[in-house]
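S.K.: Sequence plus the predicted model coming up.
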Protein chains: 2
Amino acid sequence: MKTYLECIPCIISQGIKTAKRLNVSEEIQEEMVKETLDYLKDKNYGKTPPELAKPVYKIINKYMGTDDPFKELKDFYNDEMMKIEDDLRNIIEKNSDLKTAIKLAITGNIIDFGAKHSFDKKVVLDRINEIESNKLIVDTSDELFDKLKESKTLLYLGDNCGEIIFDKVFIEYLKKEFPHLEITFGVRGSPIINDATEEDAKKVGLDKMVKIISNGDSAPGTVIEDTSDEFKEIFYSSDLIIAKGQGNYETLSTIDRENVFLLFMAKCDVVADELNVPIMSLVCQKR
Amino acid sequence: MKTYLECIPCIISQGIKTAKRLNVSEEIQEEMVKETLDYLKDKNYGKTPPELAKPVYKIINKYMGTDDPFKELKDFYNDEMMKIEDDLRNIIEKNSDLKTAIKLAITGNIIDFGAKHSFDKKVVLDRINEIESNKLIVDTSDELFDKLKESKTLLYLGDNCGEIIFDKVFIEYLKKEFPHLEITFGVRGSPIINDATEEDAKKVGLDKMVKIISNGDSAPGTVIEDTSDEFKEIFYSSDLIIAKGQGNYETLSTIDRENVFLLFMAKCDVVADELNVPIMSLVCQKR
């Protein structure tokens, strides 16, 4: 997806919200905003929003004096969602169908500090409780089911901390239903917003179930030309890709390979409008 | 009020929304946004938001190829609100108290294409129908009543088109209740967003009731040092000032004179937070 003009003020706002959360002085915040404006004023907006946002988060980090301004929030949401891991498992076991498992995995995508920036735990739990009445507004799950049956290798691209507990439970279901599948879990190469890294995946125990691969990049999405050779190799050789999150939609919606399924919540007007769906819709889209 | 950092992305968004409404090509929109970023990247944010936004609207106008991109919307809301002028009059006559008249005048402030940018007519009519149950969240109306009784001259600063019909009906009430008052109605010196100019005030018949004075400036508020000498003279010599709208709040909340009453709807998070009131609150604040 190209960067829409509405993404520009949104990217600027993300930096301001981050700075406010960390209680940085107003003077430093103003300098940070001005450097962001200076950076954005002559960039190529033909790129995707995560490509354009990556250097902005470098600017934010510089002024925040940290490489990982969301560390505390990431740990909080991983810890909190691990507390309800069994509840998530029970929802899938109770229904035991792919569509419920997909909806649950997408629901975890609500934990996002980029596009939406803040959701308290109650909102997340409410969303989980509504899972049976919520619909996939874009629904290619039947086709995903067929591909899961016929594929040998699946690359599952994670998105955010907290959300990866939902992914873990979904992957358990996939391993049980499609035992022939060799699954690899892809993560960001270094911290960006609340996106999951290798450390986070290990923390929640995903490494005990599947192979973990870092993409070697820190964009809040998958900018394939910036990823490592090892990642590119597995990205193009896997039979099937499930990519979680809006950032992966933004960077992979026009990718040059087949069998990519984008599972996410449409959390901003720009993405909802592009897909012609209501905001906060659950989306399971084949690219 | 100083410019908060959150005002920066909001000002940029206002330009984008204006361009989209006028169906300007994406290339021109992008150039406009980039020039806006370039302008905002090294300005003094100690100024008020309307001071910072005024040159941005000059940039917008340049790319839109017009001095008055809101002309059609201004005429539409003036015409539509003139159709319900008698209904507004009836609400005041039915209750015949200052507080209802103030609430009605403030309700007209919902017609705004800066901070909020879009309200359809139905939202405006719904708000009018709720007038009796809605409260002034900041309420210095008793003090305003006392000042109206003891003052000889009132400068009433208008804000937006459409809203000026509400002001007209309110001013009729003030003339009836406080017949000794000499009232002057202040307007912007030239078109900016959907703010009312002398032409608009005449169009709705305000010139038949009170003296109209242009402030000689085009900021979407009252930046006193940029106004004409004639305006400054009446601004500082009037016994009492009623200033309508959020832009007048932003520019006059720390003004160096007494007896200024700011009547507006708190339409954005920044202003609502500064006043510690819920968003869309009706505010009647003595500076």
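M.R.: Arrived safely, thanks for sending. For clarity, every value in this text was computed on a predicted model and none was experimentally measured.

S.K.: shouldn't residue A:84 be in contact with residue A:125?
M.R.: Yes. Residue A:84 is in contact with residue A:125 according to CB atoms under 8 Å; the separation is 7.5 Å. Every C-beta, even on glycine, is put in place using the N, C-alpha and C of the backbone.

S.K.: and these two? which has more neighbours close in?
M.R.: residue A:84 (18 against 13; other CB atoms under 10 Å in any protein chain shown).

S.K.: helices or strands next to the helix or strand bottoming out on mean pLDDT in chain A in the packing?
M.R.: The helix or strand of chain A with the poorest confidence is helix A:121-129; it has a mean of 86 (mean pLDDT, DSSP states H and E). Helices and strands touching helix A:121-129, by 3 or more CB pairs under 8 Å, 6 or more residues apart in numbering or on different chains; DSSP states H and E, are helix A:85-95, helix A:98-107.

S.K.: which one of the ones you listed has the lowest average pLDDT?
M.R.: Taking each of the helices and strands packed on helix A:121-129 in turn, the one with the lowest mean pLDDT is helix A:85-95, at a mean of 93.

S.K.: Could I get the buried residue list for stretch A:148-168?
M.R.: Of the residues in stretch A:148-168, those buried by neighbour count under the rule 16 or more other CB atoms under 10 Å in any protein chain shown are A:148, A:151, A:154-168.

S.K.: State the distance spanning the first to the last residue of it.
M.R.: 17 Å (CA to CA, to the nearest Å).

S.K.: domain assignment for chain A?
M.R.: Chain A is divided into the following domains under automatic domain parsing: A:7-64, A:71-286.

S.K.: between those, which gets nearest to residue B:185?
M.R.: Proximity to residue B:185, assessed across these by CB to CB, is greatest for domain A:7-64 (34.6 Å).

S.K.: Say whether chain B is contacted by that closest one.
M.R.: Yes. With CB under 8 Å from any CB of the partner chain as the threshold, domain A:7-64 lies in contact with chain B, specifically through A:8-10, A:12-13, A:16, A:19, A:26, A:29-30, A:33-34, A:37-38, A:40-42, A:45.

S.K.: residue boundaries of the strands in the stretch 1-150 of chain A?
M.R.: Chain-ordered strands for the stretch 1-150 of chain A, with DSSP state E, counting those that start in this stretch as the definition, fall at A:136-139.

S.K.: for it, which spans come out with low pLDDT?
M.R.: Low-confidence regions of the stretch 1-150 of chain A, defined by pLDDT under 70, span residues A:115-119.

S.K.: can you pull out the helices in it?
M.R.: Assigned helices in the stretch 1-150 of chain A, in chain order: A:7-21, A:26-40, A:49-64, A:71-83, A:85-95, A:98-107, A:121-129, A:141-150 (criterion: DSSP state H, counting those that start in this stretch).

S.K.: Distance to residue A:207 added to these, as JSON lines?
M.R.: Written out in JSON lines, the entries for the helices of the stretch 1-150 of chain A read as follows (distance: least, CB to CB, whole Å):
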{"stretch": "helix A:7-21", "distance to residue A:207": "29"}
{"stretch": "helix A:26-40", "distance to residue A:207": "35"}
{"stretch": "helix A:49-64", "distance to residue A:207": "25"}
{"stretch": "helix A:71-83", "distance to residue A:207": "14"}
{"stretch": "helix A:85-95", "distance to residue A:207": "16"}
{"stretch": "helix A:98-107", "distance to residue A:207": "19"}
{"stretch": "helix A:121-129", "distance to residue A:207": "24"}
{"stretch": "helix A:141-150", "distance to residue A:207": "22"}
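
S.K.: Get me the contact residues on chain A for chain B.
M.R.: Contact residues, chain A versus chain B (CB under 8 Å from any CB): A:5-6, A:8-10, A:12-13, A:16, A:19, A:26, A:29-30, A:33-34, A:37-38, A:40-42, A:45.
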